[in-house]
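# What would the 3D arrangement of this be:
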Amino acid sequence: MDRFDEGLRCQDVHAGLRNVDPNSGTLEPLMDTQMIGMAASLAALIRGQEVIDNAAALRAVAAEQLDVNQFAFDPVVLALEDLGFVEGVQRSGGKITRFTESVPYYDDLYARLGEAWRNRRPSETEEQMVRLVDYLADGPVPQEEVASKVGLDSAALPLLLEIGERAELLKRIQVPDGDVLYSPFFGFENPQVITELVRDHGSDQLAEAFAAVRGEQGLPVVDTQPLLQDAIARGLLLAPAVQRPDGTLQPFAALPYILDRDLLRGRKPVLDKALAVLACLRCGQHFGGYTSLPGHALVDVIDKLLDPNRGFLRPHEAHERQYRLIHAAGLVAFDPDPKPGGNWVMPRFIDTPDNREALRIARDLISFGEQIGGRVGDEQARQTLALGQSFTAPMQTMYRTRAKAKSSPRQWQGVVDAALGRGRAR
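Numbers count the residues shown, from 1 in each chain. Got it, this is the predicted structure:
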């Protein structure tokens, strides 16, 4: 593996370990990988912001959105400082309060993180886990062949499978010839391949379910759609989720096959932000009550955020609660109330290249196949975004949807058989 792939997969391993109890002893063999993974996630969140003048607020967002807990935050920032991605670190009372960032573009970011991971001398378990996730992201492999194909110690394979499956980094499906292993990143990074496999080799019902997602990116998945729930639980379908106003976790299925693989693989943090916006807007469309907007009008909400003549909302007592989701995604900052004695917050769009690209991706996904038009007013746009709920990334949605999966593995038999022939392309 090259250093870019190692840095990228460290972040992916951390994404999976967010499904594991942070106090679990399972995490101990993967400490260095998790640290570099957290550093990658935090670097992607702050890239382009230049000055972080409220590290306490960032600490809270990192804990909520990235599972970089409050005790890991300072070591992660210092790890970024060692790499030259962060400088001018200021402290007060032993806590980091302010710093500046110079996080490079993703090609250089992951390569340097991979080098830092190597310098930490990761354990053999870590090396093999990173190698296994990277290999299976290219396609499924029969379990009996995985040790030889990936170059793993066969004696260590049971432990790797136990950790990987608990973290949802590895999935298995039973076929007549034995168990087949794959990584959810196979589906996450290759939605076009999954779409083609389902269309050409899946059952009619499965093909129809995926066609529905193609017709509405961000399709709300409900209990009457067991095939889509099963696809999410198996890690073959992206499904960011938000909490509806009634507290229900609501997945929104997406097949971003119109995007290039570089974005799907090497710039997943940008895609994650785009999916957060997509889920937020679709929730406002389908579950916003009397403030619901048609799909084509959601594009105008994004355009308002991208408008260089706007960029902020006047302070309001409900803003801190209402805009929690896009704040946690790193799309808006909560500036202090400029009024004398004011104690509300003023949401301000964080205008970085990543954030602008994320909004454009969300706009493309929403508008694909839908008529564009129908201006909306400022108040309607605010109400559409004002859900005040938390965001669940696709890896975590997959874990939480698992209990609802009812479909038989036979539904996936033809798809898996066809996928086995695709192998490792890179």
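# Could you measure from D153 over to D107?
For D153, the distance to D107 equals 31 Å [Cβ to Cβ, to the nearest Å]. All C-beta spots, glycine's among them, are computed from the backbone N, C-alpha and C.
# Please apply the same query to R166.
Separation of R166 from D107 (Cβ to Cβ): 32 Å.
# Comparing the two, which shows the higher neighbour count?
Applying other Cβ atoms under 10 Å to R166 and D107 shows that R166 carries more neighbours, namely 17 against 12.
# Does the more buried one touch R18 like I think?
No - counting by Cβ atoms under 8 Å, R166 does not reach R18; the two are 11.7 Å apart.
# Can you give the distance from stretch 157-166 to the centre of its chain?
22 Å (Cα atoms, centre = their mean, to the nearest Å).
# Burial check on A39, number of neighbours?
30.
# just checking, it touches L78?
No - judged on Cβ under 8 Å, A39 makes no contact with L78 at a distance of 9.5 Å.
# which residues does the residue lying closest to D74 once chain neighbours are set aside bridge with?
Excluding its sequence neighbours, the residue lying closest to D74 (Cβ to Cβ, 6 or more residues apart in numbering) is I96, at 5.3 Å. Taking DSSP bridges as the rule, I96 bridges to R91.
# Mind checking the pLDDT average for stretch 129-138?
For stretch 129-138, mean pLDDT is 95.
# And for stretch 16-23?
Here the average pLDDT along stretch 16-23 is 80.
# what residues are up against the nearest residue to L313 once chain neighbours are set aside?
Leaving aside its sequence neighbours, L313 sits nearest to P347 (Cβ to Cβ, 6+ apart; 4.7 Å). Each residue near P347 by Cβ atoms under 8 Å, 6 or more residues apart in numbering is listed here: 312-313, 319, 323, 327, 332-335.
# P347: what secondary structure?
With DSSP: H, G, I helix; E, B strand; the rest coil as the basis, the three-state label of P347 is strand.
# What does the pLDDT read for it?
Per the predicted model, pLDDT is 79 at P347.
# repeat for N355
For N355, the predicted pLDDT is 92.
# D177 contacts P142, doesn't it?
Yes - applying Cβ under 8 Å, one finds D177 in contact with P142, separated by 7.1 Å.
# Between these two, tell me which one has more neighbours.
P142 (14 against 10).
# ok, the more buried one to V175 distance?
In terms of Cβ to Cβ, P142 sits 8 Å off from V175.
# what is the rounded mean pLDDT of the helix or strand encompassing E208?
Using DSSP states H and E, E208 sits within helix 204-215. What helix 204-215 shows for mean pLDDT is 92.
# Counting by contacts, list what it packs against.
helix 191-201, helix 226-233 (3 or more Cβ pairs under 8 Å, 6 or more residues apart in numbering; DSSP states H and E).
# and the angle for that helix with helix 226-233?
70 degrees (axes from the mean of the first three to the mean of the last three Cα atoms, to 10 degrees).
# partner strands of the one helix or strand D179 maps to, parallel or antiparallel?
According to DSSP H and E, D179 maps onto strand 178-182. Using DSSP bridges, strand 178-182 pairs in its sheet with strand 141-142 (antiparallel), strand 171-175 (antiparallel).
# Now it - C-alpha only, CSV.
The C-alpha trace of strand 178-182 is given here as CSV (Å, rounded to 0.1, in the frame of the first residue of the first chain):
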residue,chain,number,x,y,z
GLY,A,178,-19.4,-20.4,1.8
ASP,A,179,-19.1,-16.9,3.3
VAL,A,180,-18.1,-13.9,1.3
LEU,A,181,-16.4,-10.9,2.9
TYR,A,182,-16.5,-7.3,1.7
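# Go ahead and name everything in contact with it.
Counting by Cβ under 8 Å, 6+ apart, 136, 139-144, 146, 161, 170-174, 235, 416, 419-420 sit against strand 178-182.
# Can you flag the buried ones in the residues you listed?
136, 139-141, 143, 146, 161, 170-173, 235, 416, 419-420 (16 or more other Cβ atoms under 10 Å).
# between those, which is nearest A358?
Nearest to A358 out of the buried ones among the contacts of strand 178-182 is G235 (Cβ to Cβ; 22.3 Å).
# any idea which element the closest one lies in?
Judged by DSSP H and E, G235 forms part of no helix or strand.
# Tell me who's in contact with it.
So G235 contacts 168, 171, 182-188, 398 (Cβ under 8 Å, 6+ apart).
# Please report how far I96 lies from H14.
20 Å.
# Thanks again, I'm all set now.
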